[in-house]
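**Q** Here is my input; please provide its structure:
(one chain, ligands or ions: 1)
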Amino acid sequence: MNYKITGGKVLLRENGILKTDEKDLFIREGKISFRPFQTGEVFEGFDARGMLVMPGLVNMHTHAYMTIMRNYADDVGFSEWLFKRVMPVEDSMPREMAYWASLLACMEMIRTGTTCFVDMHMYHRQSPMAARDAGVRAFIGRGLVGEDLWEEGNNRFREALEEKAEFESETLQFVLSPHAIYTCSPNLLTQVAQKGRELSMLKQIHLSESKTELTDCLVKYGKTPVRLLWDLGFLDKKTILAHCVQMQGDDLDLIHESGASVVTNPASNAKLGNGFAPVQDMLDHRVNLCIGTDGTASNNTLNMFREMGLLSLIHKGIHKDPVALPAQTVLDAATVNAARALGMEGSLGVISEGAAADLIFIDLNEPSLFPPNNIVSSLCYSANGSEVSSVMINGKFVMRKREMLTIDREKVYAEVQKYADQYLVKA
Ligand code: NI
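**A** All right, here's what the predicted structure looks like:
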């Protein structure tokens, strides 16, 4: 279906600066256009009066299946969190659980204005099935661990390639996803880098998340995790680095020179006691900065509005500088910077001629946004996600006037509750 969207305030960028303008949008075959429909073109009208029409947010790092463990292992030490709570559940859960938990994740993301996410998962086929059924744009990777991609019994890489062959589409792409430098050998990371070049695929990895990861790496390899990846030929502009909390020496120079992107996860890093990424330093080094929520077991939401506000406030506080991380810098990180990291610059995260119609409609009459003195500020500092009224992805409505169109909410709740009752370890 084509749509004519009328009466809304549209968030546009002019010479890199965000501004709003009242104008009509014409959605043709999943793409945004400012060119009116001609006689004979069939379209449906959508009244956006009282709404801000803006690009959907991009959650650049999460583990969708983890919604099953929301608020299940909080206020406990990291090793209890990981080894006694999270991992036993992950190991015992049947694969189908991940489908329902990932659909729940998609529902929460749509509800709070995220139209695209980058996922690292561990249950074959479930995450791509959920993203496809929800109609959400996603970049998905089967988590990889171990010594060698080709060793007998290492089926994860085979699964990763099978998912790509089965599900790749206009809205679903696939990312090579080695878990971390402490769960993957240098040999495996080199193999992944080679495969990435061969298949022209994006790569993602958790990097320098904790002090322990950094000190262990210095002891084992005599270099920082960033330098290790640099030396292995892993870093390039198709590389997405989640966390990067512990940066040392010339780490940020190497990241900048390689063109790799960093995803900061402020809530997860704070919650797990890992600290704060040097985000201001990253910006000073002209590193492409994006934002992720991480999984719900370590956040505990997938709400990018909360993540954006938190990011700005944390860094203003740390630097004792009210000018640090201004609203537009944060919004850029959640939109255009993400598009650059995903190789979709100009066609994602922006309202422009020919860009993908991934749009969110924000109700400007919600009390949290009123009066609309400065809309860009309000998106970073006042919005809590509940103001999102309608969501369109690739030209299709997935939520309209707060009604979910692609997901059966009651069915998802029933299934997720069933697995939670059966498999979560009671404290
Ligand atoms: Ni993660």
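**Q** so which helix or strand takes in the closest residue to Val391 other than its chain neighbours?
**A** For Val391, the nearest residue in space outside its immediate sequence neighbours is Met399; the separation is 4.3 Å by CB to CB, 6 or more residues apart in numbering. Yep, even glycine has a C-beta here, placed from its N, CA and C like the rest. Secondary structure assigned from DSSP states H and E places Met399 in strand 396-400.
**Q** Export only the CA atoms of that strand, formatted as PDB.
**A** The C-alpha atoms that make up strand 396-400 are tabulated as PDB, following Å, rounded to 0.1, in the frame of the first residue of the first chain:
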ATOM      1  CA  LYS A 396       4.000  -0.900   6.200                       C
ATOM      2  CA  PHE A 397       2.300   0.000   9.500                       C
ATOM      3  CA  VAL A 398       3.200  -2.400  12.300                       C
ATOM      4  CA  MET A 399       1.400  -0.300  14.900                       C
ATOM      5  CA  ARG A 400      -1.400   2.100  14.200                       C
END
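**Q** helices and strands around that strand, which ones?
**A** Contact here means 3 or more CB pairs under 8 Å, 6 or more residues apart in numbering; DSSP states H and E; on that basis strand 396-400 packs against helix 95-111, strand 388-393.
**Q** care to break this protein down by domain?
**A** Structural domains of the chain, as assigned by automatic domain parsing, span the residue ranges 3-55+349-404, 57-341.
**Q** any idea which helix or strand of the chain has the worst average confidence?
**A** When each helix and strand of the chain is scored by mean pLDDT, DSSP states H and E, helix 78-79 comes last, with a mean of 78.
**Q** Would you confirm that Thr20 contacts Ile375?
**A** Yes: applying CB atoms under 8 Å as the test, Thr20 and Ile375 come out as touching, 5.6 Å apart.
**Q** and the closest residue to Tyr413 other than its chain neighbours, how many residues sit next to it?
**A** Closest residue to Tyr413 in three dimensions, ignoring its sequence neighbours and counting by CB to CB, 6+ apart: Leu104, at 7.8 Å. By the other CB atoms under 10 Å criterion, the neighbourhood of Leu104 contains 25 residues.
**Q** measure Leu104 to Arg70 for me?
**A** Summarising the geometry, the distance separating Leu104 from Arg70, computed by CB to CB, to the nearest Å, is 9 Å.
**Q** try Ile407
**A** Using CB to CB, one obtains 17 Å as the distance from Ile407 to Arg70.
**Q** ditto for Gly295
**A** For Gly295, the distance to Arg70 equals 9 Å [CB to CB].
**Q** who's more crowded, the two?
**A** When Gly295 and Arg70 are compared on other CB under 10 Å, the one with more neighbours turns out to be Gly295, at 27 against 21.
**Q** And for the nearest residue to Glu170 once chain neighbours are set aside, the neighbour number?
**A** By the measure of CB to CB, 6+ apart, the closest residue to Glu170 outside its immediate chain neighbours is Asn394, 6.5 Å from it. Neighbour count for Asn394, taken as other CB under 10 Å: 20.
**Q** now do Ile362
**A** Other residues within reach of Ile362, judged by other CB under 10 Å, total 27.
**Q** correct me, but it touches Ser382?
**A** No: counting by CB under 8 Å, Ile362 sits too far from Ser382 to count as a contact (10.9 Å).
**Q** In contact with the residue nearest the centre of the chain, which residues?
**A** Closest to where the C-alpha atoms of the chain average out (CA atoms, centre = their mean) is Asn59, at 2.0 Å. Contacts for Asn59 (CB atoms under 8 Å, 6 or more residues apart in numbering) come out as Met109, Thr114, Cys116, Phe117, Val118, Ile291, Gly292, Thr293, Leu302, Met304, Glu307.
**Q** ok now the helix or strand where it lies, how far from the chain's centre?
**A** Under DSSP H and E, the secondary-structure element containing Asn59 is strand 57-62. Averaging C-alpha positions (CA atoms, centre = their mean, to the nearest Å) puts strand 57-62 1 Å from its chain's average.
**Q** Indicate each strand paired with it and its parallel or antiparallel sense.
**A** Sheet pairing for strand 57-62, assigned by DSSP bridges, gives strand 114-121 (parallel).
**Q** Tell me if I am right that Trp150 is in a strand.
**A** No: using DSSP: H, G, I helix; E, B strand; the rest coil, the secondary structure at Trp150 is coil, not a strand.
**Q** Now do it, the pLDDT please.
**A** Per-residue confidence for Trp150 comes out at a pLDDT of 88.
**Q** ok, it - how many residues close by?
**A** 10.
**Q** In contact with it, which residues?
**A** The contact partners of Trp150, taken as CB under 8 Å, 6+ apart, are Phe157, Gln191.
**Q** ok, now how distant is it from Val175?
**A** Applying CB to CB, one obtains 20 Å for the distance of Trp150 from Val175.
**Q** What does Asp24 show for phi and psi?
**A** Asp24 adopts backbone torsions of phi -90, psi 150, taken as degrees, to the nearest 10.
**Q** Look up the residues forming beta bridges with the spatially closest residue to it that is not a sequence neighbour.
**A** Nearest residue to Asp24 in three dimensions, chain neighbours excluded: Thr6, at 5.0 Å (CB to CB, 6+ apart). With DSSP bridges as the criterion, Thr6 is bridged to Asp47.
**Q** In contact with Thr6, which residues?
**A** Taking CB under 8 Å, 6+ apart as the definition of contact, the neighbours of Thr6 are Asp24, Gly45, Phe46, Asp47, Ala48, Arg49.
**Q** if we go to 7 Å?
**A** Thr6 is in contact with Asp24, Gly45, Asp47, Ala48, counting by CB atoms under 7 Å, 6 or more residues apart in numbering.
**Q** contacts for stretch 338-354?
**A** Outside of stretch 338-354, the residues within contact range by CB under 7 Å, 6+ apart are 10-13, 31-34, 55, 58, 60, 116, 139, 202, 238, 240, 261, 288, 290, 335-336, 355-356, 358.
**Q** In strands only, show me the residues you listed.
**A** Secondary-structure check on the contacts of stretch 338-354 using DSSP state E: residues within strands are 10-13, 31-33, 55, 58, 60, 116, 139, 202, 240, 261, 288, 290.
**Q** my guess is Gly249 contacts Thr224, does it?
**A** Yes: look at Gly249 against Thr224 with CB atoms under 7 Å: they come within range, at 6.5 Å.
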